[in-house]
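Undergrad: Compute the structure for the input listed below.
(4 chains)
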Protein chains: 2
Amino acid sequence: MATIGDVAREAGVSRSTASYALSGKRPISDEVRRRVLAAAEALAYTPNAGARALATSQTKVLGLLAQFHEDEFAPAMMQYLLGVTDTARDLGYDTLLVTEADGARALRRITDSRMVDGVVLMNIAQDDQRLPILRAAPQPGALVGLPGDCSGLDVFDLDFEEAGRVMVEHLHRLGHRELILISQPEHVVERGGAYVWRLRDAALERARQLGVTLHAVYGESRQPAVGRLLNELLDTYPSATGLMINNEAATAALPSVAHERGLRVPEDLSVIGRYSAEFAATFSLPYSFIESAPDRLGSMAVRQLVRRVESPAARDEPFVVRFISPELISRGSTAPPGAPHPNAR
Amino acid sequence: MATIGDVAREAGVSRSTASYALSGKRPISDEVRRRVLAAAEALAYTPNAGARALATSQTKVLGLLAQFHEDEFAPAMMQYLLGVTDTARDLGYDTLLVTEADGARALRRITDSRMVDGVVLMNIAQDDQRLPILRAAPQPGALVGLPGDCSGLDVFDLDFEEAGRVMVEHLHRLGHRELILISQPEHVVERGGAYVWRLRDAALERARQLGVTLHAVYGESRQPAVGRLLNELLDTYPSATGLMINNEAATAALPSVAHERGLRVPEDLSVIGRYSAEFAATFSLPYSFIESAPDRLGSMAVRQLVRRVESPAARDEPFVVRFISPELISRGSTAPPGAPHPNAR
DNA sequence: CGTCATCGTCGAACCGGTTCAACAGCAGGA
DNA sequence: TCCTGCTGTTGAACCGGTTCGACGATGACG
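TA: The predicted structure follows:
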């Protein structure tokens, strides 16, 4: 494999000149530059990443810490991953994907050893063990998800509280007065998945203000438990006319349960979910939903991270906590309670 | 950040001694070793990955090239990823996830720059552009998926041909004489997804031998196209009694289509899929299926890769092409055609 | 014609590890 | 007592880049 020394020799110049010719960091005569570039081309020269990292203290690699808990819904994670890796590549970075169960140890390993220039954390818990480590690390970090304490880090998340309110308000406006909210499974909450109760509590509060009855329950993340749960709920609250779902697995399971019960949406039941457009397309979910924009969130986190990595000035800027406003995408799965089918004449 | 020089000074020894004490590659007195380890501990010393890579020509990172084409089914990819990252970590390696559209360029980048010690390629095409690059690379490579030319690389894949035969034989044995096979979408085939026609051709061949009529069609990977297709097929071949599905999206869409049509499985239609147990659990697929074992395949590829990376002897061993035998997991979705419901009295 | 910038190039040092050859100290054998 | 061999430690070189300070050549200027 050709080194910069080989290129220099081939071009008849010193190593430093070759380096400057390739990087353009000092003026080099056209003649010499041409010779160096030609030599590099001829020898198929590619800089050694380790050597460059050593010399520049920059690896051009970002760390991505993601956990695929058994009880979270794996398919929904994919979009976050892609948002991060694609944006990183656009900005000239590769992505080190770390799925280790012990996230704190993994984080320490990749930051202490200087394998990465920055880190994106996913699956943020309310009291996330990884945060103190990330704050103390020499590299900047960005979170996709809102922890209890955001200090010292850039945070990006969907505005789950607003999402909860939007769902309730939308259904209330249509005339619904008794609603069900299915959240993620209880252990997601126990592990500190704050977005679950952020949406739920805001929804409950708004429902109270509007005088709407809201039954908030934990869901399941797997079949067949989630299908069973849906049936139970519909049996338990037969007078509820609206269903809000903050749980991808439950959403994916709903169409067949509805069919089974002969339940028509939106005539018998109005439904609003919270997931991504990509997810909707994959599973053909015919429901109106709050776009959770995983790719946008991943992309935003990476952009901010790279800004901090590359600009010394940006390092000292105040940290941001940025919420994406929930956008309600209408798919016609909501209607006034007891209304005739919208397609009927 | 502490360097090995700091550790050496703190312990009152030379840098080389510190290095040997930490690596154990030369005998070091207990006394000195203790001092070095204590110093390393006290200073929270972690070796700089770039420097180590430069000195040893080993990065302890594996590359994972995966493509998430719009028309392949993203959720099914997840298990492959996890199989690779988890096994790599167990063996002491981190994983660089590269999802770049131009796989050949990405591969060249990470191998030429020596960012990785080895590479796992996924989404293998019959005439995969990345293979010549990988063969020429100084690092070993392993494939998850079977290309047209396997030379110079270790290959791991499900035995799709046997899978096709097993499906046909199983249904034939139950008495079925007219079957439908839904494959992946046509563009997956056009892009060189050989597993599609490997399964299909073997199934057709066996069906011919057994005197079974087999309607083999391309599927879709997205809703609502895939739901529409299922309906069309069932309309077109009303006398078919068995359905074989080599297409995750179609499988996931089947339950609601069946419900809609009032089609009972297995009384009216026997169904066999090809997917992973994890996938089945996530979507509650009540069908018997050929286990595609993505995590096992990813894991096997990584193990072989690491063997070649770490042992000079293993480098020269002949390359392997290893097929996982298809295992038919019964979920009771097949029965003799026209048979009564197994739970009926 | 001498002086001074400016431009282009070079040598050397550095990043932080690993590893080789050499060597000091000590015990054992002649 | 001297030589040999072993153990434990060290200095120096090396991996392959980047970057700083210096220096020779060239042209502008007084």
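
Undergrad: which residues are contacting stretch A:302-321?
TA: Contacts made with stretch A:302-321 from outside it, assessed by CB atoms under 8 Å, 6 or more residues apart in numbering or on different chains, are listed as A:58, A:62, A:83-84, A:87-88, A:91, A:93, A:117-120, A:139-142, A:146, A:150-156. Placement of C-beta: from N, CA and C, glycine included.

Undergrad: try it again with 6 Å
TA: Contacting residues not belonging to stretch A:302-321 are listed as A:Val84, A:Thr87, A:Ala88, A:Leu91, A:Asp117, A:Gly118, A:Pro140, A:Ala142, A:Cys150, A:Leu153, A:Asp154, A:Val155 [CB atoms under 6 Å, 6 or more residues apart in numbering or on different chains].

Undergrad: Kindly report the residues of the stretch 1-150 of chain A close to DNA strand C.
TA: Residues of the stretch 1-150 of chain A lying close to DNA strand C (CB under 7 Å from any atom of the strand) are A:12-17, A:20-21, A:26-29, A:31-33, A:51, A:54-55, A:57.

Undergrad: out of those residues, which are buried?
TA: The neighbour count (16 or more other CB atoms under 10 Å in any protein chain shown) marks A:Val13, A:Thr17, A:Tyr20, A:Ala21, A:Ile28, A:Val32, A:Arg33, A:Ala51, A:Leu54 as buried among those.

Undergrad: Among those, which ones are in strands?
TA: Among these, the subset assigned to strands under DSSP state E is empty.

Undergrad: Nearest to chain B among those residues?
TA: When those are compared for distance to chain B (CB to the nearest CB), A:Leu54 comes out closest, at 4.3 Å.

Undergrad: can you tell me which residues contact that closest one?
TA: Shown here is A:Leu54, whose contacts under the criterion CB under 6 Å, 6+ apart are B:Gly50, B:Ala51, B:Leu54.

Undergrad: Give me the distance from the helix or strand of chain A with the lowest mean pLDDT to the chain's centre.
TA: Ranking every helix and strand in chain A by mean pLDDT, DSSP states H and E puts helix A:277-283 at the bottom, with a mean of 81. On the basis of CA atoms, centre = their mean, to the nearest Å, the separation between the geometric centre of helix A:277-283 and that of its chain is 15 Å.

Undergrad: how far away is the residue nearest to A:Thr3 when sequence neighbours are not counted from A:Ile4?
TA: The spatial neighbour of A:Thr3 that comes closest, neighbours along the chain excluded (CB to CB, 6 or more residues apart in numbering or on different chains), is A:Asn48 at 7.2 Å. Going from A:Asn48 to A:Ile4 by CB to CB, to the nearest Å gives 9 Å.

Undergrad: So A:Thr3 versus B:Ser183, what's the distance?
TA: Here the distance between A:Thr3 and B:Ser183 works out to 49 Å (CB to CB).

Undergrad: And A:Asp154, by the same measure?
TA: Applying CB to CB, the value for A:Asp154 to B:Ser183 is 45 Å.

Undergrad: Equivalent analysis for A:Leu233, please.
TA: Using CB to CB, A:Leu233 is found at 38 Å from B:Ser183.

Undergrad: now swap in A:Glu31 and tell me
TA: Summarising the geometry, the distance separating A:Glu31 from B:Ser183, computed by CB to CB, is 59 Å.
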